[in-house]
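1. I would like to see how this sequence folds:
(4 chains)
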There are 4 protein chains.
Amino acid sequence: MLPVNLYSDNVAPAAPEIMAALARVNVGPAQPYGMDPETKALKAALSDLFGTEVWVFLASTGTAANAIALSAMTPNYGAIYCSETAHIETSECGAAELFTGGAKLQLIRAKSGRMDPDALDEKIRTAGKGMPHRIQPAAVNLTIGTERGTVYSVKELERIAEITKKHGLKFHMDGARMANALVAIGASAAEVTTRIGVDVLSFGATKNGALNAEAIVVFNKDIAEELRFRMRRAGQIWSKMRYAAAQIGAYVENGLWLKLARQANAAAKRLSEGLVQVPGVRMIETVEINQLFIEMPERVIAGLEADGIGLGRRDGGVRMVTAWSTTDEEVDHVVARAKAHGARAAA
Amino acid sequence: MLPVNLYSDNVAPAAPEIMAALARVNVGPAQPYGMDPETKALKAALSDLFGTEVWVFLASTGTAANAIALSAMTPNYGAIYCSETAHIETSECGAAELFTGGAKLQLIRAKSGRMDPDALDEKIRTAGKGMPHRIQPAAVNLTIGTERGTVYSVKELERIAEITKKHGLKFHMDGARMANALVAIGASAAEVTTRIGVDVLSFGATKNGALNAEAIVVFNKDIAEELRFRMRRAGQIWSKMRYAAAQIGAYVENGLWLKLARQANAAAKRLSEGLVQVPGVRMIETVEINQLFIEMPERVIAGLEADGIGLGRRDGGVRMVTAWSTTDEEVDHVVARAKAHGARAAA
Amino acid sequence: MLPVNLYSDNVAPAAPEIMAALARVNVGPAQPYGMDPETKALKAALSDLFGTEVWVFLASTGTAANAIALSAMTPNYGAIYCSETAHIETSECGAAELFTGGAKLQLIRAKSGRMDPDALDEKIRTAGKGMPHRIQPAAVNLTIGTERGTVYSVKELERIAEITKKHGLKFHMDGARMANALVAIGASAAEVTTRIGVDVLSFGATKNGALNAEAIVVFNKDIAEELRFRMRRAGQIWSKMRYAAAQIGAYVENGLWLKLARQANAAAKRLSEGLVQVPGVRMIETVEINQLFIEMPERVIAGLEADGIGLGRRDGGVRMVTAWSTTDEEVDHVVARAKAHGARAAA
Amino acid sequence: MLPVNLYSDNVAPAAPEIMAALARVNVGPAQPYGMDPETKALKAALSDLFGTEVWVFLASTGTAANAIALSAMTPNYGAIYCSETAHIETSECGAAELFTGGAKLQLIRAKSGRMDPDALDEKIRTAGKGMPHRIQPAAVNLTIGTERGTVYSVKELERIAEITKKHGLKFHMDGARMANALVAIGASAAEVTTRIGVDVLSFGATKNGALNAEAIVVFNKDIAEELRFRMRRAGQIWSKMRYAAAQIGAYVENGLWLKLARQANAAAKRLSEGLVQVPGVRMIETVEINQLFIEMPERVIAGLEADGIGLGRRDGGVRMVTAWSTTDEEVDHVVARAKAHGARAAA
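-> Got it, this is the predicted structure:
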């Protein structure tokens, strides 16, 4: 067994199906900048997946996808509402502020990573729409599989979408772990996007089996038209686009993305159930997708680290993230080691 | 034979050695965001190549590499001097302006793509340094293998570097076709960068055999420190960095990059020598690397297009670009078809 | 008596001494863009006032002064720490974000408008300095005469300055109501700025007797050098600078600014003492300068409004602001009317 | 006689009528931020002047007026076409780039300060509209009384307006010396703006008798709505707006602005006619408004400087600018001194 690394789902390799797709398209010439057959086929495949015509822009990272998408949904004097734990707020070095020219993120109180819809409604309602000394409400952002390892239900998404539309705002969904979220709540891609009125989706693939490609899926033609220029200006139009298109194409073909996510979620569940048997170990958040936030005795944490098991220390606790590639054997190894360290800790 | 496509070197597939590197690193977990062994090894490999410690940032496109690099070399009220035909001016949808917060490109008269050093000197000298109503001279940008298919000699580079330093400016080199340029002039990587005082190099790989990776090579530690944040903010820090590092690593290993460029340049030379035998065909620019700018009778152009041969119409003429993968067979086919169309044209 | 207007100190006219200064300088030609004698004299006068060499930039509004000053104190990936009630956060339509290119304001818990120093220290300490996915701590902003009508003591300012410097940040003071603050705490201009390490001060004058001029007073030469260009680029370099310089010159001559502020503060005290005698009226915040935040029965509020007395409804209460021009007669009139309405309300 | 200063029209004092207006409005309280009666009256007065409803925003400088106006007329990936000698290009430290978030100025060949309409048409036509790697045509800017002391005729303006509209662009007029231009060509304000399709006008007043106020006059409601926020965000909404409104109000009342400009233009004509009698003196540009660009022997230049006469050395020649306050006596003095120095020079 290779070293077990649960530091992030980003540590995982690429799925074999996706590597195979790269090899498959690496034959002969293809027009650059998205004029190739793979990129055209991808638009068709994703339109099919979402049940409506979509416009697809391929991005190198989730940060780029989020920030550039938002830049087409707000004036520079706009407000973007997001959870206080949102990735765009905490972990993107102000990318949204860069690409929007200085729009402001407005933080909404969240519980276990899910924003409070009433707090959102109140914040927009009291924002001072039309008053020149105030930034102007423009967009709502949420991460469907949240930064705290939980998922929004379809009902919660509908509620937030309704508030968003009531106030005339645009709706951006960060789908960094969308596949994990969908398999967790048993919903389809369309049910959480087009059916409720999402305008733009950052469609994550890298954490769940791709090498280095994400997609911005746009459901609104005006935004798509603007993104044509904003993406190029952002340095996000790959000349050899086929290699990104092939990744996303293989990712959604025959439900691969959901299959990979199911494995990651199952590993997380197995891991969670094993770890809570260790004295002093407790899940800080309900484990709904593939992220675990864990309260764990220091002795156990240090022990796992000494074993060479990758994990992330966060705010006094531990974050572990499983991936498509995490095996039962790996999970059981981690649990066994935790139990061993726990036993010593208790002794 | 597959269809011949000389529309751009971007139409070429990835080199087998680079595909193999991707497969090689796709094993087991690796820390994200550049903390992986491949990325660390790349820093060592490029430091070795350039003969000094360098800092390496991996970017998804040349546009991103250029614009983000420049953003760490100028205040927002700065002037960036570049050739009037520079890629950052004509073909990046204002990316440099976005990432710099609105610095201005100042265009220098160019001949066959190479900026006139005297015009550069004069423009900086009369820029109004220290005068508040004027933007302030900050950086010089040039493309070593120019947008017109020519190359700067080491002597010309030294002259421009001297002017740049005399005025206290930073020096950015766009190395989109650096390998092609180096084999054309028989210089080493260090001779055209560290030895003359280049501060940052956009080190191109995609056009010459990679899939989707470029490197920003930084020779100045302060700029490198700032780029750590600017790259993240720009959405350019791949989580699974190993796949980009592996591409660049394989690219420079055992001189692969130069080997690939030699083939592209040789194909361009063969193509050029063949085409000028067609009546009415003339090279608009001297063919020094792998780009041809060609005056060609409309009948010949239309004939080649009808044959399914990829080319680019530009300003009444034709651009053809060979790649690492262009074969003699392909070149000879194009020449033969041009001759055939030329014969009919003359008839 | 003219209508009484306590909507804001901005409703007041300009002080006669300042009008006289405008007339005095309106004679013959003067060099533009700050090369005139008035602007030069102002630098000397303010250097004298602050007890050290200062660099002075004249701005048209407090928003411009704040935002442009901050733009020279942070990279675009920087964090600016301020109170959750700070003017730069709530009332400037994102000006700081515009001029900084998208730096982020980080809100610190405040009590009665004064930020909590421990919360500030903790927020900076846990900001993730050096981590690329995090914005980087750059500057602290506070408003000495706060948005809630209170004042920081010299001791509190020292504490915040110490935290700011300990973490290597720059210190920006918003002095929108600096004169009111200084007379309230009995401190000199130097005691709250140069002695504790303020880097840049937005020196307010418009609210306290000027027509339309503010000064950015810079205590750090490097920042001053950068502001020369940033001010011009921001459209803030008046061609006929003498008219702004004359305003600020007259404002500080012979302590006029403090005299004006003393009158405003005294009026606020008198008003506060009178109003609390009305049943149901209560000061929400301690009245330390010239702003009153008042809990007041609706009947009383509506009655005052019907009397044509200017006031501001805020969050269910009332804000009244006195100015240098507010007379005892005006205050007594407002109190008498409030009492009359209160009596009816109680009946 | 006071020292004669022809360095710029910015060296002139404010006109007595405008000083009087300041005194007139400096009575009692007035609502802030443009809710005062003077600002409301100004909208009516300017709507009357331009013969249609206009929206008025008061700015502190012409640079601010130009750059903020343009920021509401282009996306950040837009191109703004202007003369190669345009003030926004040469003299505003990149303000347009700051406020637009990095739009690009595209320079059009000009003759004596007036852009060549054919060159404009060609540049827009070949800009690559719809091509993502190209910035997108957005707006045309011109200065009606040009930076070279000439004026566009109504016919020329109509031609440029037609080109602008044909390509679907917005039209911005820099009216820094609009009054001087109108009296030169005998046209009305409406004839050069609303009748030909100008969208936004920077309406200059400071150079021609005001202290420190300019107006942005907007003829397009959507742009006006956006400017409400952009002006505040730019730090351009004066709290005591009445002092700016009063200046512009007095400026246009009873044709004062045209009267002042007539005097400046007449002084320029008298000066020009006198100076050309000096051997070796020649007007480089036709003197159409109040700016003179003069070829003059060094001995004469140095002599005038030694006399304490203010002038501007430019590119080996001299610029002199007359103002509303320039008297015949002053002009004759300058001419006499130039003749005296010329005589010595010739001797």
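
2. low-confidence stretches in chain A?
-> The model of chain A has pLDDT under 70 over residues A:1, A:345-347.

3. next one: stretch A:211-228 to chain centre, how far?
-> Centroid separation between stretch A:211-228 and its chain, computed with CA atoms, centre = their mean, to the nearest Å, is 16 Å.

4. repeat for stretch A:186-193
-> With CA atoms, centre = their mean, you get 15 Å for stretch A:186-193.

5. may I see the buried residues of that stretch?
-> For stretch A:186-193, the neighbour count (16 or more other CB atoms under 10 Å in any protein chain shown) marks A:187, A:189, A:191, A:192, A:193 as buried. Yep, even glycine has a C-beta here, placed from its N, CA and C like the rest.

6. contacting residues around that stretch?
-> A:49-52, A:144, A:152, A:154, A:157, A:173, A:178, A:181-182, A:198, A:201, A:217, A:219 (CB atoms under 8 Å, 6 or more residues apart in numbering or on different chains).

7. for residue B:45, state which of the buried residues of stretch A:186-193 is nearest.
-> Of all those, residue B:45 sits closest to residue A:189, with 41.6 Å by CB to CB.

8. go through the contacts of stretch A:186-193 and flag which are in strands.
-> Using DSSP state E, the members of those that fall within strands are A:173, A:201, A:217.

9. circling back: need the buried ones from the contacts of stretch A:186-193 selected in ChimeraX.
-> A single ChimeraX command selects the buried members of those (16+ other CB under 10 Å):
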select /A:49,50,144,152,154,157,173,178,181,182,198,201,217,219
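
10. for the contacts of stretch A:186-193, which two are the farthest from each other?
-> Farthest apart among these - using CB to CB - are A:52 and A:152, which lie 21.0 Å from each other.

11. how many neighbours does residue A:35 have?
-> Residue A:35: 13 surrounding residues under other CB atoms under 10 Å in any protein chain shown.

12. now do the contacts for the nearest residue to it once chain neighbours are set aside.
-> Counting by CB to CB, 6 or more residues apart in numbering or on different chains, the nearest residue to residue A:35 once its immediate chain neighbours are dropped is residue A:241, at 8.0 Å. Neighbouring residues of residue A:241 by CB under 8 Å, 6+ apart: A:32, A:33, A:34, A:35, A:36, A:38, A:39, A:58.

13. now rank these by neighbours and give me the top one.
-> Highest count within the contacts of residue A:241 by other CB under 10 Å belongs to residue A:58, 27 neighbours.

14. who's in contact with residue A:76?
-> Neighbour list for residue A:76: A:100, A:101, A:102, A:103, C:94, C:97, C:98, D:101, D:233 [criterion: CB under 8 Å, 6+ apart].

15. how about it, phi and psi?
-> phi -70, psi -20 (degrees, to the nearest 10).

16. quick one: it from residue C:70, how far?
-> Counting by CB to CB, to the nearest Å, the separation of residue A:76 from residue C:70 is 16 Å.

17. excluding residues flanking it in the chain, which one is nearest residue A:28?
-> Among residues not flanking residue A:28 along the chain, residue B:2 sits closest, at 4.0 Å (CB to CB, 6+ apart).

18. I'd guessed that neighbour sits against residue A:29; true?
-> Yes - counting by CB atoms under 8 Å, residue B:2 touches residue A:29, with 6.9 Å between them.

19. quick one, domains of chain A?
-> Listed by automatic domain parsing, the domain ranges of chain A are A:16-256, A:260-346.

20. do you have the helices of the stretch 51-200 of chain A handy? List them.
-> A:62-71, A:87-90, A:95-100, A:117-125, A:154-166, A:178-185 (DSSP state H, counting those that start in this stretch).

21. need these in JSON lines with distance to chain B, can you?
-> Below are the helices of the stretch 51-200 of chain A laid out as JSON lines (distance: least, CB to the nearest CB, whole Å):
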{"stretch": "helix A:62-71", "distance to chain B": "3"}
{"stretch": "helix A:87-90", "distance to chain B": "11"}
{"stretch": "helix A:95-100", "distance to chain B": "5"}
{"stretch": "helix A:117-125", "distance to chain B": "25"}
{"stretch": "helix A:154-166", "distance to chain B": "24"}
{"stretch": "helix A:178-185", "distance to chain B": "15"}
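
22. distance of the most centrally placed residue in chain A from residue A:91?
-> Centroid-nearest residue in chain A, with CA atoms, centre = their mean: residue A:176, separated by 1.2 Å. According to CB to CB, residue A:176 and residue A:91 sit 10 Å apart.

23. and residue A:277, by the same measure?
-> 32 Å.

24. the more surrounded of those two?
-> residue A:91 (17 against 11).

25. tell me how far that one lies from chain C.
-> As judged by CB to the nearest CB, to the nearest Å, residue A:91 and chain C stand 5 Å apart.

26. so is the host helix or strand of residue A:246 next to chain D?
-> Secondary structure from DSSP states H and E places residue A:246 in helix A:242-252. No - judged by CB under 8 Å from any CB of the partner chain, helix A:242-252 stays clear of chain D, getting no closer than 15.8 Å.

27. what does that helix contact?
-> A:17-18, A:20-22, A:24-26, A:30, A:34, A:36-39, A:41-42, A:45-46, A:49, A:56, A:58, A:60, A:203, A:205, A:208-213, A:215, A:238, A:256-257, B:14, B:211-212.

28. just checking, residue A:224 is part of a helix?
-> Yes - assessed with DSSP: H, G, I helix; E, B strand; the rest coil, residue A:224 lies in a helix.

29. hmm, residue A:53 and it touching each other?
-> No - the pair residue A:224 / residue A:53 is not scored as a contact, 9.7 Å apart, by CB under 8 Å.

30. what parts of the stretch 51-200 of chain A come near chain C?
-> A:76-77, A:90-94, A:97-98, A:100-105, A:132-135.

31. make it 7 Å
-> Residues of the stretch 51-200 of chain A that fall close to chain C, judged by CB under 7 Å from any CB of the partner chain: A:76-77, A:91-94, A:97-98, A:101-102, A:104, A:132-135.

32. from those, which two are the most distant?
-> Among these, the pair separated by the greatest distance (CB to CB) is A:91 and A:132, at 32.3 Å.

33. burial check on the closest residue to chain C within the stretch 101-250 of chain A, number of neighbours?
-> Distances between the stretch 101-250 of chain A and chain C by CB to the nearest CB are smallest at residue A:102, namely 3.3 Å. Look at residue A:102: counted by other CB under 10 Å, it has 28 neighbours.

34. now do the strands in chain A.
-> For chain A, the strands defined by DSSP E cover A:55-59, A:78-83, A:104-108, A:110-111, A:114-115, A:136-143, A:170-175, A:200-203, A:214-218, A:282-283, A:291-295, A:312-314, A:317-321.

35. looking at those, which is buried most?
-> Mean neighbours per residue, mean count of other CB atoms under 10 Å in any protein chain shown, is largest over these for strand A:200-203, with a mean of 30.

36. which non-adjacent residue is nearest residue A:324?
-> Residue A:324 sits nearest to residue A:260 (CB to CB, 6+ apart), 3.6 Å away.

37. where's that neighbour relative to chain C, distance?
-> 25 Å.

38. wait, doesn't that residue sit right on residue A:16?
-> No - with contact defined as CB atoms under 7 Å, residue A:260 does not count as touching residue A:16 (10.7 Å).

39. the more surrounded of those two?
-> It is residue A:260, of residue A:260 and residue A:16, that has more neighbours when counted by other CB under 10 Å, with 26 against 11.
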